[in-house]
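Student: Sequence first, then the predicted structure:
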Amino acid sequence: MGLFGKSKKEREKEYMNRLDVPSCLKEDFELIIDDVFTIMGVGTVAVGNILIGMCREGENACIYKANGDVLETRITTVDVHTKERKANGCGYKTEHVGLGLRGISKEQLEKGDKVIVKNANMYGM
């Protein structure tokens, strides 16, 4: 324990235990898009809260549109909006994240679209 409470490393360990990473590995990743914008050098970024599962940089994802269309993409970046843990290129359920998406334009996405990654049985859990 640090002079002013728990150390950053202790807080990060507690946070990761609360996330329950093993259960995240057993679930498919699902995020409902709240906002979409473009960042120079990154491309299209979809922002939202992760409902279930986890995602990693480099994973293939599908975007399910309200009209039934399905867009395929790859997650190029995962920006987690928390200071509770170090960035590790992953996003876990309950976290608010921005996902850099390859090959998708801002105009193709709308609030309410779902980003899904099928990971449920990928890791042999």
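Tutor: Structure's in. What do you need?
Student: Residue 65 is in contact with residue 110, isn't it?
Tutor: Yes: with contact defined as C-beta atoms under 8 Å, residue 65 counts as touching residue 110 (7.4 Å). Where you see a C-beta, it was placed from the backbone N, CA and C, and this is true even at glycine.
Student: Let's check: the centremost residue of this structure is which one?
Tutor: By C-alpha atoms, centre = their mean, the chain has its centre lying nearest to residue 91, at 3.9 Å.
Student: Hmm, it is touching residue 78, no?
Tutor: Yes: assessed by C-beta under 8 Å, residue 91 is found in contact with residue 78 at 4.7 Å.
Student: anything in contact with each of those two?
Tutor: Here residue 91 and residue 78 have 55, 97, 99 as joint contacts, going by C-beta atoms under 8 Å, 6 or more residues apart in numbering.
Student: Which of these fall in strands?
Tutor: Judged by DSSP state E, the subset of the shared contacts of residue 91 and residue 78 located in strands is 55, 97, 99.
Student: So the last one versus residue 74, what's the distance?
Tutor: It stands for residue 99. Using C-beta to C-beta, to the nearest Å, one gets 10 Å for the distance from residue 99 to residue 74.
Student: Looking at the two, which one has more neighbours?
Tutor: More crowded of residue 99 and residue 74, by other C-beta atoms under 10 Å: residue 99, with 27 against 14.
Student: min pLDDT across the ones in strands among the shared contacts of residue 91 and residue 78, which one?
Tutor: Across these, the smallest pLDDT goes to residue 55, namely 91.
Student: Quick check: closest non-adjacent residue to that one.
Tutor: With sequence-adjacent residues excluded and distances taken as C-beta to C-beta, 6 or more residues apart in numbering, residue 55 is closest to residue 29, at 4.5 Å.
Student: From what I see, the one you found and residue 52 are in contact.
Tutor: Yes: between residue 29 and residue 52 there is a contact at 7.1 Å, judged by C-beta under 8 Å.
Student: Between those two, point out the one with more neighbours.
Tutor: For residue 29 and residue 52, the more surrounded residue by other C-beta under 10 Å is residue 29, and the numbers stand at 25 against 17.
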